[in-house]
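Visitor: fold the stuff below for me.
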Amino acid sequence: MPLRHRVFGLALAAACLGVAVAEASRPIPWWIRLVLLSGVVTILACRISTWWEAAWLAAIARLQEPWIGLHGKPTEGHALAEGLYQKLQPVVQAYAEQHLQIHQQLWAQERDRLHSEVRLAQGENRRYQQQFYELIHRLEGVFGLWDAQAQKWLYLSPHSENLWGVGRAVLLHELHGWLTAVHPDDRARVGQQLREPAYPLTLEYRVMPEKWVRDRWFAVRDEAGQVDRVLRIAEDISDRQRVERLKGEFISIVSHELRTPLTSIRGSLGLLASGLLADRPERAQRMLTIASAEVERLVRLVNDILDIERLELDKISIEKNWCDAGKLLSQAVDIIYPLAVEAGVNLLVFPVAVTIWADGDRIVQTLTNLLSNAVKFSEPGSKVTVSLRQAANEAIFQVSDRGRGIPPDKLEVIFGKFQQVDATDSRRRGGTGLGLAICRKIVEIHGGRIWVESTLGQGSTFHVALPLQPACTLP
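Guide: Numbering: from 1, shown residues only. Below you'll find the predicted structure:
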């Protein structure tokens with residue numbers, strides 16, 4: 001026990017002894033008075049270290065009522081207690097006020113400390129929340145959190161409007177407000193899967209007009225196993241679907257277009273290897289010529305396939321600079337000139353000086369394809385006219401032939417892959433069916449236009465319009 005507690009106990013015992021003596025209505029001996037006085041002095045010297053000691057002293061000092069004698073007269077003990085109370089009361093009151101002030105200060109400090117910690121924690125929470133939202137906003141997809149109990153979105157990425165093309169107010173109103181944007185052919189299937197969800201749930205559907213979406217849903221369950229929150233992650237997979245479609249088309253191309261020349265080559269070489277043409281050198285030479293032609297066709301086909309695939313996947317390098325369109329046209333004519341001479345076709349060229357912002361090699365490739373087609377589909381002795389003119393903000397190339405022309409229903413179709421006016425043209429004319437598709441893609445990459453005008457039996461004119469200035473891009 002601390003020393004101050006023992007001293008306090010001694011003083012308390014002395015006070016009680018004084019009470020007992022006073023109740024006996026006998027004179028208080030001098031030694032008892034000394035003990036009482038010593039107790040009071042000791043208590044005062046200890047400065048009453050705790051509030052409960054002060055309370056006890058105040059209570060003892062006020063025990064004057066029981067000290068009244070049996071005959072209603074104050075005893076000597078009563079007078080002593082009254083004097084003790086009068087001396088201690090100011091000390092106790094001052095001490096109580098001091099301790100109250102100290103406790104108030106301590107409480108204020110503790111309160112301020114707790115408030116500071118709360119503010120710090122709230123600041124940290126806001127910072128982490130802000131970092132989380134910034135991370136979510138950077139994601140290309142849509143992130144959402146649905147409260148299954150309150151039936152409302154706790155969070156839904158701003159990108160949601162762009163993904164589904166539906167107003168944010170509609171999306172936030174209900175869980176499935178976006179279903180109206182789903183393609184009609186997919187809406188029933190998606191709706192059925194959402195009515196009976198088996199989490200985790202993955203949906204793939206089309207969004208009008210031409211977009212594919214992968215939509216994944218994950219359940220966050222409570223302790224009872226009930227769905228409490230639903231986490232949603234949706235992303236645009238149109239590019240991925242396009243790659244899958246192109247891959248499928250490529251496989252189809254390989255299985256059909258490449259198989260034909262390979263079959264011809266294998267047949268010719270097999271016949272030569274069998275020795276059956278050993279005594280017929282003319283026939284053997286013909287087989288070799290056929291095989292060589294098919295090899296050349298196969299090489300062209302492979303090159304065209306690689307070109308169109310790279311163009312559609314944006315994997316081809318386009319290096320634009322200022323070019324003289326007239327010189328590009330002349331380069332293409334020089335390349336085709338030997339073919340025109342062999343076919344007996346006359347080339348008429350009308351170039352002008354026009355400067356364009358383009359990849360010169362790709363423009364020459366486009367013009368060469370158009371000129372090659374014009375020569376192939378022209379009769380010997382006919383003319384192919386090539387011209388260049390400037391109109392408004394465009395440079396317009398024109399390639400005209402006097403061939404058989406193109407049916408009206410084929411004017412747009414022929415720019416597709418493996419599309420030709422006549423299915424036999426691939427073999428007779430040596431085409432791959434990819435030339436015009438490549439031309440269109442190159443022109444579109446340059447921000448230009450390509451189209452054809454034709455009259456059956458009179459010929460066709462292909463137009464290529466390219467912008468004179470580079471397209472302005474927003475920062």
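Visitor: just checking, S330 touches V349?
Guide: Yes. Between S330 and V349 a contact is recorded at 7.1 Å, counting by C-beta atoms under 8 Å. From N, CA and C alone the C-beta is placed, and that goes for glycine too.
Visitor: where in the stretch 51-200 of the chain is pLDDT low?
Guide: 51-85, 87-88, 92, 129, 132-139 (pLDDT under 70).
Visitor: quick one, helices of it?
Guide: 51-61, 76-138, 160-164, 168-173, 184-195 (DSSP state H, counting those that start in this stretch).
Visitor: show me what the third one is packed up against.
Guide: Helix 160-164 is packed against strand 142-147, helix 168-173, strand 211-221, strand 227-236, with contacts defined by 3 or more C-beta pairs under 8 Å, 6 or more residues apart in numbering; DSSP states H and E.
Visitor: for it, which outside residues touch it?
Guide: By C-beta atoms under 8 Å, 6 or more residues apart in numbering, the residues outside helix 160-164 that reach it are 141-142, 144, 166-168, 171, 178, 181, 207, 211, 213, 234, 236.
Visitor: where in the stretch 351-475 of the chain is pLDDT low?
Guide: Using pLDDT under 70, the stretch 351-475 of the chain drops low at 419-432, 471-475.
Visitor: ok so, going back, do you know which of the helices and strands packed on helix 160-164 lies nearest L370?
Guide: With C-beta to C-beta, the closest approach to L370 among these belongs to strand 211-221: 33.4 Å.
Visitor: can you tell me the strand partners of that closest one and which way each runs?
Guide: strand 201-207 (antiparallel), strand 227-236 (antiparallel) (DSSP bridges).
Visitor: sort out which residues of the last one are buried, please.
Guide: Of the residues in strand 227-236, V230, L231, R232, I233, A234, E235, D236 count as buried by neighbour count, 16 or more other C-beta atoms under 10 Å.
Visitor: and for stretch 314-329?
Guide: Neighbour-count burial for stretch 314-329 [16+ other C-beta under 10 Å]: I316, C323, A325, G326, L328, L329.
Visitor: who's in contact with R221?
Guide: V227, D228.
Visitor: per-residue pLDDT, it?
Guide: Looking at R221, its pLDDT reads 90.
Visitor: what of the one 3 residues further on?
Guide: Each residue has a pLDDT score; the one for A224 is 88.
Visitor: which of the three states applies to it?
Guide: State at A224, reduced to three classes by DSSP: H, G, I helix; E, B strand; the rest coil: coil.
Visitor: phi, psi for it please.
Guide: Backbone geometry at A224, expressed as degrees, to the nearest 10, gives phi -80, psi 0.
Visitor: how far away is it from R119?
Guide: 36 Å (C-beta to C-beta, to the nearest Å).
Visitor: likewise T368?
Guide: T368 is 73 Å from R119, by C-beta to C-beta.
Visitor: who has more neighbours out of those two?
Guide: T368 (19 against 10; other C-beta atoms under 10 Å).
Visitor: residues of the helix or strand hosting that one that come out buried?
Guide: For T368, the host element (DSSP states H and E) is helix 360-376. Neighbour counts over helix 360-376 (16+ other C-beta under 10 Å) mark 360, 362-376 as buried.
Visitor: packing partners for that helix?
Guide: strand 321-324, helix 325-343, strand 383-391, strand 394-400, helix 435-445, strand 459-467.
Visitor: Q193: which of these is closest?
Guide: helix 435-445 (37.2 Å).
Visitor: now the next helix or strand after the closest one against helix 435-445, angle please.
Guide: Downstream of helix 435-445, the next assigned helix or strand under DSSP H and E is strand 449-455. If you take axes from the mean of the first three to the mean of the last three C-alpha atoms, to 10 degrees, strand 449-455 sits at 140 degrees to helix 435-445.
Visitor: how many other residues sit next to E294?
Guide: 20.
Visitor: scratch that, A291
Guide: Neighbours of A291 using other C-beta under 10 Å come to 19.
Visitor: coming back round to it: make a markdown table from the buried residues of strand 227-236 and add distance to G270 and pLDDT to it.
Guide: Shown next, in a markdown table, are those (distance: C-beta to C-beta, whole Å; pLDDT from 0 to 100):
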| residue | distance to G270 | pLDDT |
| --- | --- | --- |
| V230 | 64 | 91 |
| L231 | 62 | 89 |
| R232 | 60 | 90 |
| I233 | 56 | 89 |
| A234 | 55 | 91 |
| E235 | 52 | 89 |
| D236 | 50 | 89 |
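Visitor: same list, the residues you listed, but as a markdown table with distance to L436 please.
Guide: Formatted as a markdown table, the buried residues of strand 227-236 follow (distance: C-beta to C-beta, whole Å):
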| residue | distance to L436 |
| --- | --- |
| V230 | 49 |
| L231 | 48 |
| R232 | 44 |
| I233 | 41 |
| A234 | 38 |
| E235 | 34 |
| D236 | 30 |
